[in-house]
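**Q** sharing a model prediction with you, sequence too.
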Amino acid sequence: MHIAVSGNIGSGKTTLTRLLAKHFKWQTHFEDVDTNPYLHSFYEDMQRWSFNLQIYFLNSRFRQIVEIRKSGKAVIQDRTIYEDANIFAPNLHDMNLMTTRDYENYRSLFDLMASFIQPPDLLIYLRASVPTLVRQIQKRGREYETAIRIDYLKGLNDRYESWISQYTIGKLLIVDVDNKNFEEKPEDMEEVIEKINAQLHGLV
């Protein structure tokens, strides 16, 4: 079984992924942040490194999906390959931070990869307002994220909402996280767990 957690930068994907994995005894596949060789460079010069970063993520997530399906185990994944292609890459292109030539090359590669993979059995989308994203980003204090612009986060949020509104390839659970604290409020966590059980097993 393949569960995936999607959402904007700072929406709480990693935290929820970790907590759900602990509760359900699922294996985890986290986003490659700490060892990503392009992330710091990207936030310093988005135009120069956008294509390199997106190709790196595309390769990394494709490998994750192959490993998840081969394992035959229940796995929860932090962010999906679909977000890269439907949100991050086109957003960079529209902001003139990725050339049309590079974007078309990227998109062609994604379309080929997508034809070989299955979507998650359940996609959990964490919906967060921009103020919540900014607060969470500041709280975790990653140095390279200090350069993230508000308009960049807003553009991503708009694209997330558009993507989610048209998501039909699998089961979907939307979680509004603006007033949630999964680590400190057990009732918030229990509510999500109940909803996941309902989606996966029809339990209420």
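**A** Sure thing, it's come through.
**Q** can you pull up the most central residue in this protein?
**A** In the chain, the residue lying closest to the centroid (CA atoms, centre = their mean) is residue 79, at 2.7 Å.
**Q** surely that one touches residue 61?
**A** Yes. With contacts counted by CB atoms under 8 Å, residue 79 reaches residue 61, the gap being 7.4 Å. C-beta: built from backbone N, CA, C; applies to glycine.
**Q** now do the shared contacts for the two.
**A** By CB atoms under 8 Å, 6 or more residues apart in numbering, residue 79 and residue 61 have no common neighbours.
**Q** max-length helix in the chain?
**A** Criterion DSSP state H: the longest helix present in the chain is helix 46-71.
**Q** so which elements touch that one?
**A** If contacts are counted by 3 or more CB pairs under 8 Å, 6 or more residues apart in numbering; DSSP states H and E, helix 46-71 sits against strand 2-7, strand 27-29, helix 39-44, strand 75-78, helix 81-83, helix 89-94, helix 100-114.
**Q** going by mean pLDDT, which of these comes out lowest?
**A** When the helices and strands packed on helix 46-71 are compared on mean pLDDT, helix 39-44 scores lowest, with a mean of 87.
**Q** for that helix, what is the distance to the chain centroid?
**A** Remark: helix 39-44 is offset 18 Å from the chain centroid, using CA atoms, centre = their mean, to the nearest Å.
**Q** stretch 59-76 now?
**A** A distance of 15 Å separates the centroid of the chain from that of stretch 59-76, by CA atoms, centre = their mean.
**Q** got a list of contacts for it?
**A** Residues outside stretch 59-76 that contact it (CB under 8 Å, 6+ apart): 1-5, 17, 20-21, 24-29, 32, 77, 79-81, 84, 113, 117-118.
**Q** of these, buried ones?
**A** Taking 16 or more other CB atoms under 10 Å as the criterion, what is buried in the contacts of stretch 59-76 is 2-5, 17, 20-21, 26, 29, 32, 77, 79-81, 84, 113, 117.
**Q** in the strand or helix carrying residue 153, which residues are buried?
**A** Using DSSP states H and E, residue 153 maps to helix 150-165. For helix 150-165, a neighbour-count test (16+ other CB under 10 Å) marks 152, 153, 155, 156, 157, 159, 160, 163, 164 as buried.
**Q** thinking again about what came up before, which one of the helices and strands packed on helix 46-71 lies closest to residue 176?
**A** strand 2-7 (10.9 Å; CB to CB).
**Q** about what we covered before: make CSV out of the buried residues of helix 150-165 and add pLDDT.
**A** Below are the buried residues of helix 150-165 laid out as CSV (pLDDT from 0 to 100):
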residue, pLDDT
152, 86
153, 89
155, 89
156, 92
157, 94
159, 95
160, 96
163, 97
164, 97
